[in-house]
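Engineer: model the following, please.
(chains A and B)
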Amino acid sequence: MADDKKFAGYVCTGCGLGERLDAGQLETAATRDGKLQSCKQHEMLCSAEGVQMIKDDIANDDVTHVMIAACSRRAKVEAFNFTDVALTRANLREGVIWVRPDTDENKETTQEMADDYIRMACAELKSMTKPSASGEQSVNKNILVVGGGITGMTAAIEAAAAGYPVHLVEKSGALGGAVGSYYKVIPTRSPYDAPAENPIPALSEAIEADGNITVHLNSTLTKTDGAPGRFSVDIATESGATETVSIGAIIQASGWKPYDANQLPEFAYGKSQDVVTNHELEALAVAANGGPIKRPSDGKEVQSVCFIQNAGQCSDKDGHLTYFAGVTDLVSIKQAMYFKELNGECDTTILFDNLRTPGAGGEDFYRAGQNAMVTFSKGIASEVVPGDSLTVKFEDKILNEQTEMACDLVVLATGMEPNSGPDPYARLMVDEAEDEEEKAKAQAILENAPPSILNLQYRQGTDLPHLKNGFTDSHFICFPYETRRTGIYSAGPVRRPMDIQQARDDATGAALKAIQAAENAGLGRAAHPRSGDLSFPTFRKEGCTQCKRCTVECPFGAINEDEEGYPMYNESRCRRCGTCMGACPVRVISFENYSVETVNQQIKNVDIPEEWDEKPRILVLACENDAYPALDQAAQAGVEINPWARVIPIRCLGSVSLSWVTDALNNGFDGIVMMGCRRDDDYQCHFVRGSAIAAERMNKVGDTLDTLNLEPERVILHEVAITDVERAPQLINDMAETVEKIGLSPFKF
Amino acid sequence: MSDLNTAMIEKYRSSFLKEVEANVEEGEWVKMCMQCGVCSGSCPLGKHWDHPPQEIFMMIRAGKREDVLSSDSMWMCTSCYNCISRCPRGLPITHIMHGLAVYSKRLGLTPQKQPTAEFSQIFWDNLMKKGRVNELKLGLSMYFKDGFGQGIKNAMANQKLGQNMMKAKRMNAMEFFGGHSVKDLSGFQKIIKKAQEIEEGNIKDFK
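Structural biologist: This is a model prediction of the structure:
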């Protein structure tokens, strides 16, 4: 096969490249150092003519590997889209001429930079093969929706409307979920002036009439095996019958549960029947059947009601929810208007501290409440005293006094808790806890784990990982519905507290993502952020030591283990981040076009000048998602970057192999700057855990430096955001200064 | 004191708010206040008020009838309209303040010796006599409102100003005797009487 490879290079001289650089010398670097069989120049490679030249070579000269030396790999992607070959790009525009001043004294170092990037690209190309799907896939259009509440019902209807058959699984005996039991809902249409009709009955009818939707009531998932495009799901009914269905992608819309108000004894919940939660009030309103709402204790028509906002939420107190449900102020306005509608002259007071009415119509609905004579008092309730008439003690924050009011009914605006499955990493959190307090907290989570919802047969656990406060993880910054289990999308209040309209929007988005995932899986393509990527990881079995690091560290739980403990890749679960590659101590994991070798070759082919030349070399490993675009933008803005820097884009910091660091240092690099995304709780890592895992691994890099007798400052890891246009180049320049201070590496041969 | 004032008000019941809606000019806006406090922060005289507008509105909603109506605060408003132009909810705050002042006056709850209230009464009485304001008498009434001795002191202090105004024919000493009237004084008085009747008819009893 090796004989069939044909390597061709193309050097663009447009965009000022021809004027700033010696194109002839670049060609020589490509053919002599880079050992390409051919190298051509073009004055504007991205033009139709230039692209045609490359296409012709591929078609007529059987070129299999293409090196394009022009602009950044993030520019002109449509023009340089050659799917039949292995492709690499040497970044001479954003990487070299745009970050270096156009002066005579800089000409030499600028050319050296460009030559190096050509050599690096050629070396990378030599160890690449063209990525292609395994061909084992076929499209499976079935979408599974778990949870038959408003989110699940909407997702089912939307997916079915797009022509995808849906299995809708609901644990209880009826569709509708929490919203199903509501009297009315927050209005979602202008003029937002009154509670609106409950949408559930109409949705139920639509689902019943939809031939594309199969509803499974009283059912749960007892087993979910496989991967996107080939999930095998066991749906079991209460009676014990099990049906196995084949599924392309899954939407988890398991919803929320009301906060347990028994933890609010100060508000007499449980002591007086006339203290109810906002969730329970809906039942009273429905039971009123169009007449006045009656209080539970003695059936008296409610003539005065007090809503206590943020009851047991937005609070640091023990047993309270630290977060805000987002929607409960709107809910109280809605419910206060029930009383205005049903109970005539009922006095209705809402005690709030911060009234938050998000959404398009939120402010209008607040006004509507005020217009209907709902009294909004800025006050913090401290106690409810039970009795024939309830006494609410509170601090009036405007009048600045401790006061109280009497009322027939108290409604506690309590928060929402997610219906997540057990956190697959709960055990790990216990094991890795840094102190006793943290350990106890993790242990409590582990012991109080809810029953599994998905029952995934994954190496890393049965359900979707959690983020904060037990909510199911989603990449909330960039890709809201994405979870760390590819092809399984969370939607609705299971991933964050939200109202009905938000949940329905969420459901629609998740349905579209699920469809995309099913289609991608059918073609062997990756989901975001490397959408469409056909490469996937393989491992050399004879080299594998069954250490399990890849199966444990994969952020997406994509890798299972076979009986002997070897990794089993599920390519459609894989997001192609390469974290497994970075984890592997014996370097047996690789992608066709991205491997330990492709980067190592780039490192080795940087020309390291002799020590007395006083030209240091700084290796920059920049995450392609944030750091590399930030550097591109810096180049566009004309921010200068030190001429000693050689930047290699990497898929994720998680893919960095420690061998790159040691090899670079051994080869005479003077400093190494690694740039990844923000990690941990407020992560921006596109692969969620990649950046964090890399940071853990690099903790150990100090030992390597010690054994080499090198200064620890030579290797540094930074969190870089895509907006760090000024900072990213500065970090590189800082390293140049550091090197100047501590001197060049002694490893120059 | 009107017996309207003896109505029992329960705390945080909307009965006083309803009374304000019915009987105070622009009172129906009070419920729309969202307690942001921009009015209080904008009032140039705010620090001299016992209760800035935001607080007045909250007191109304909290049912503090006595405290609101016998307050000095709404009399402090100088109608600069800063609050109105800044209120994000568009409340006509200045008008509401005047409305509250008028209502408190009607119920006899205005604090004794409230200077603005006193001046307003003098102005009204002066106007009603001839259908137009007699500035000489208005000034004198103000000077002598606190007794004869204080009146002489006030008059002497402003002697020069008075003389200059007369020289410039801005004030006529002859106005002291009777003074000008509008052309149809009885017609004017009829109009006022009718207006008062209408207003009286609109007042709802919140006993």
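
Engineer: quick one: low-confidence parts of chain A?
Structural biologist: Within chain A, the ranges that satisfy pLDDT under 70 run A:1-3, A:749.

Engineer: near chain B, which residues of it?
Structural biologist: A:304, A:306, A:347, A:349, A:355, A:366-367, A:370-371, A:373, A:375-378, A:396, A:398-399, A:403-406 (C-beta under 8 Å from any C-beta of the partner chain). For the C-beta atoms, the positions are set from N, CA and C on the backbone; glycine is no exception.

Engineer: most distant residue from the middle of the chain?
Structural biologist: You didn't say which chain, so I picked chain A. Centroid-distance maximum for chain A: A:Asp388 at 52.0 Å, with C-alpha atoms, centre = their mean.

Engineer: please refer instead to chain B.
Structural biologist: The outermost residue of chain B relative to its centre, with distances by C-alpha atoms, centre = their mean, is B:Lys167 at 33.5 Å.

Engineer: and it, how close does it get to chain A?
Structural biologist: Plainly put, B:Lys167 is 54 Å away from chain A if you go by C-beta to the nearest C-beta, to the nearest Å.

Engineer: ok, the residue nearest the centre of chain A - contacts?
Structural biologist: Nearest residue to the geometric centre of chain A (C-alpha atoms, centre = their mean): A:His475, 2.4 Å. Taking C-beta atoms under 8 Å, 6 or more residues apart in numbering or on different chains, we find A:His475 in contact with A:482-483, A:686, A:688.

Engineer: does it have beta-bridge partners, and which?
Structural biologist: A:Phe479 (DSSP bridges).

Engineer: doesn't A:Cys544 make contact with A:Phe588?
Structural biologist: Let me fix one detail, which is that residue A:588 is Val and not Phe. Yes. A:Val588 lies in contact with A:Cys544 (C-beta atoms under 8 Å); the separation is 5.4 Å.

Engineer: re the thing from before, quick check: the residue farthest from the centre of chain B vs B:Leu161, distance?
Structural biologist: Applying C-beta to C-beta, to the nearest Å, the value for B:Lys167 to B:Leu161 is 11 Å.

Engineer: doesn't A:Cys39 fall inside a helix?
Structural biologist: No. Counting by DSSP: H, G, I helix; E, B strand; the rest coil, A:Cys39 is not part of a helix but strand.

Engineer: how about it, nearest residue that isn't a chain neighbour?
Structural biologist: Excluding the flanking residues, the one nearest A:Cys39 by C-beta to C-beta, 6 or more residues apart in numbering or on different chains is A:Gly9, at 3.8 Å.

Engineer: helix, strand or coil for the one you found?
Structural biologist: With three-state DSSP as the basis, A:Gly9 sits in strand.

Engineer: the residue lying closest to A:Arg575 once chain neighbours are set aside: neighbour count?
Structural biologist: For A:Arg575, ignoring the flanking residues on the chain, the nearest one in space by C-beta to C-beta, 6+ apart is A:Phe556 at 5.4 Å. When neighbours are counted by other C-beta atoms under 10 Å in any protein chain shown, A:Phe556 registers 26.

Engineer: give the contact list for A:Phe556.
Structural biologist: A:484-486, A:573-575, A:577, A:687.

Engineer: in three-state terms, label it for me.
Structural biologist: A:Phe556 - assigned by three-state DSSP - is coil.

Engineer: now the helices for the stretch 601-749 of chain A?
Structural biologist: Remark: helices assigned in the stretch 601-749 of chain A by DSSP state H, counting those that start in this stretch are A:627-636, A:658-666, A:690-698, A:701-707, A:727-742.

Engineer: okay if I get the ones you listed as CSV plus distance to A:Val327 and mean neighbour count?
Structural biologist: CSV is the format used below for the helices of the stretch 601-749 of chain A (distance: least, C-beta to C-beta, whole Å; neighbours: other C-beta atoms under 10 Å in any protein chain shown):
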stretch, distance to A:Val327, mean neighbour count
helix A:627-636, 35, 24
helix A:658-666, 47, 20
helix A:690-698, 31, 23
helix A:701-707, 46, 14
helix A:727-742, 37, 18
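
Engineer: any idea which of these gets closest to B:Val68?
Structural biologist: helix A:727-742 (56.7 Å; C-beta to C-beta).

Engineer: quick check: longest helix of the chain.
Structural biologist: Picked chain A for this. Ordering each helix of chain A by length in residues (DSSP state H) puts helix A:500-523 first.

Engineer: was after chain B, sorry
Structural biologist: Assigned via DSSP H, chain B shows its longest helix as helix B:185-202.

Engineer: contact partners of that one?
Structural biologist: With C-beta under 8 Å, 6+ apart, helix B:185-202 has contacts from B:23, B:128, B:130-131, B:182.

Engineer: same question, stretch B:112-124
Structural biologist: B:72, B:75-76, B:101, B:105, B:110-111, B:133, B:138, B:141-142, B:145.

Engineer: just checking the helix or strand B:Leu100 falls within against chain A, any contact.
Structural biologist: Assessed by DSSP states H and E, B:Leu100 sits inside helix B:93-106. No. Residues of helix B:93-106 contacting chain A under C-beta under 8 Å from any C-beta: none, with a closest distance of 14.9 Å.

Engineer: elements contacting that helix?
Structural biologist: Applying 3 or more C-beta pairs under 8 Å, 6 or more residues apart in numbering or on different chains; DSSP states H and E, we find helix B:93-106 packed against helix B:15-23, helix B:53-61, helix B:65-69, helix B:82-86, helix B:115-130.

Engineer: A:Thr242 versus A:Ser254, what's the distance?
Structural biologist: 20 Å.

Engineer: one more: A:Glu49?
Structural biologist: The gap separating A:Glu49 from A:Thr242 is 62 Å, by C-beta to C-beta.

Engineer: bridge partners for A:His167, pull those for me.
Structural biologist: Beta-bridge pairing of A:His167 under DSSP bridges involves A:Leu144, A:Thr214.

Engineer: so it sits right up against A:Gly248, yeah?
Structural biologist: No. Between A:His167 and A:Gly248 there is no contact under C-beta under 8 Å: 10.7 Å.

Engineer: between these two, who's got more neighbours?
Structural biologist: A direct count of neighbours by other C-beta under 10 Å for A:His167 and A:Gly248 places A:Gly248 higher, at 27 against 22.

Engineer: how is the chain partitioned into domains?
Structural biologist: If you meant another chain, say so; for now it's chain A. Listed domain ranges for chain A are A:1-130, A:143-255+A:419-523, A:258-416 (source: automatic domain parsing).

Engineer: I was thinking of chain B, sorry if that wasn't clear
Structural biologist: Split by automatic domain parsing, chain B gives B:10-111, B:115-199.

Engineer: out of those domains, which one sits most buried?
Structural biologist: Mean neighbour count (mean count of other C-beta atoms under 10 Å in any protein chain shown) peaks for domain B:10-111 among those, with a mean of 20.

Engineer: pLDDT on it, on average?
Structural biologist: The average pLDDT within domain B:10-111 is 93.

Engineer: picking that back up, what angle do the helix holding B:Leu100 and helix B:185-202 make?
Structural biologist: On the basis of axes from the mean of the first three to the mean of the last three C-alpha atoms, to 10 degrees, helix B:93-106 is oriented at 90 degrees to helix B:185-202.

Engineer: which residues are in contact with helix B:93-106?
Structural biologist: Against helix B:93-106 from outside (C-beta under 8 Å, 6+ apart): B:2, B:20, B:23-27, B:29-30, B:39, B:53, B:56, B:68-71, B:73-75, B:77, B:79-81, B:83-84, B:87, B:110, B:116-117, B:120, B:203.

Engineer: mind running it again at 7 Å?
Structural biologist: With contact meaning C-beta atoms under 7 Å, 6 or more residues apart in numbering or on different chains, helix B:93-106 is reached by B:23-27, B:29-30, B:39, B:53, B:68-70, B:74-75, B:77, B:79, B:81, B:83-84, B:87, B:110, B:117.
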